[in-house]
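**Student:** Kindly generate the corresponding structure for this input.
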Amino acid sequence: MLAETICRIKNTGLMGIVRVETIARGIEIAQGCIDGGVDVLEISYTNNNAGEVIRALKEKFGDQLLVGAGTVLDPTTARLAIMDGAEFIIAPTFNKEVQEMANLYQIPYAPGCTSYTEMIEALKAGASFIKAFPISNYYGPDLAKVFKVPCPQIPILASGGANFDNLHTWFENGVDSVGLGGLLTKGSSADIAENARKLRAIVEESRKAA
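**Tutor:** Model (predicted):
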């Protein structure tokens, strides 16, 4: 389960970051993402209904969709998310107790780290990805290359700063996955599907060129 989920996140290369007020809107976004070839979604726990949305998406889409919990700051939230069906955990911070919970249930954890020291400590604890947040907004596409030159095994999940114009550079520089908000969550299902298809095409082309 752990290895399969990690591979799926890497293979897709893109992750929709979802914050919704209703389950219906969550389903609409998910359908658009799936239709466009993006089958990985992070449901943010900045919204109180995140667990309900995760559960509803898994019930409707099953294995068509890989659904994780985002903005998970404590082990209690992590366990509740896992009980609701979350298949990976993402956070803006590194928390050893959240990492232990993810280890216990054998699902990937991607903590937010801003320094090399923090990244290495997170990897030692068992992190499956390092979420470059909020620094990806400031350093841009060169960030992955900077981190991977001295430590090429660091699996980088970028969150923030990617768009149609620079996405190819992120992947050419070695990023493993990129989280996107607006491009994969705004508009109708058809709008989202069109954006997802364009983004997936960029990912595939960039990986061939890298």
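**Student:** Quick one: list the elements packing against the helix or strand of the chain with the lowest mean pLDDT.
**Tutor:** Least confident helix or strand of the chain, by mean pLDDT, DSSP states H and E, is helix 135-139 with a mean of 74. Here helix 135-139 touches helix 143-148, going by 3 or more Cβ pairs under 8 Å, 6 or more residues apart in numbering; DSSP states H and E. C-beta coordinates here come from the backbone N, C-alpha and C atoms, glycine included.
**Student:** Report the rounded mean pLDDT for the helix it packs on.
**Tutor:** Across helix 143-148, the average pLDDT comes to 85.
**Student:** residue contacts, residue 96?
**Tutor:** Going by Cβ atoms under 8 Å, 6 or more residues apart in numbering, residue 96 touches residue 125.
**Student:** Give me the distance between it and residue 179.
**Tutor:** 23 Å (Cβ to Cβ, to the nearest Å).
**Student:** swap in residue 53?
**Tutor:** For residue 53, the distance to residue 179 - Cβ to Cβ - is 17 Å.
**Student:** quick one, which of the two is more surrounded?
**Tutor:** Set residue 53 next to residue 179 and count neighbours by other Cβ atoms under 10 Å: residue 53 wins out with 28 against 24.
**Student:** Show the pLDDT at the nearest residue to the more buried one once chain neighbours are set aside.
**Tutor:** Spatial nearest neighbour of residue 53, chain neighbours left out: residue 26 (4.4 Å); criterion: Cβ to Cβ, 6 or more residues apart in numbering. Looking at residue 26, its pLDDT stands at 98.
**Student:** buried ones in the helix or strand encompassing residue 26?
**Tutor:** Applying DSSP states H and E as the criterion places residue 26 in helix 23-35. Across helix 23-35, burial judged by 16 or more other Cβ atoms under 10 Å covers 23, 26, 27, 28, 29, 30, 31, 32, 33, 34.
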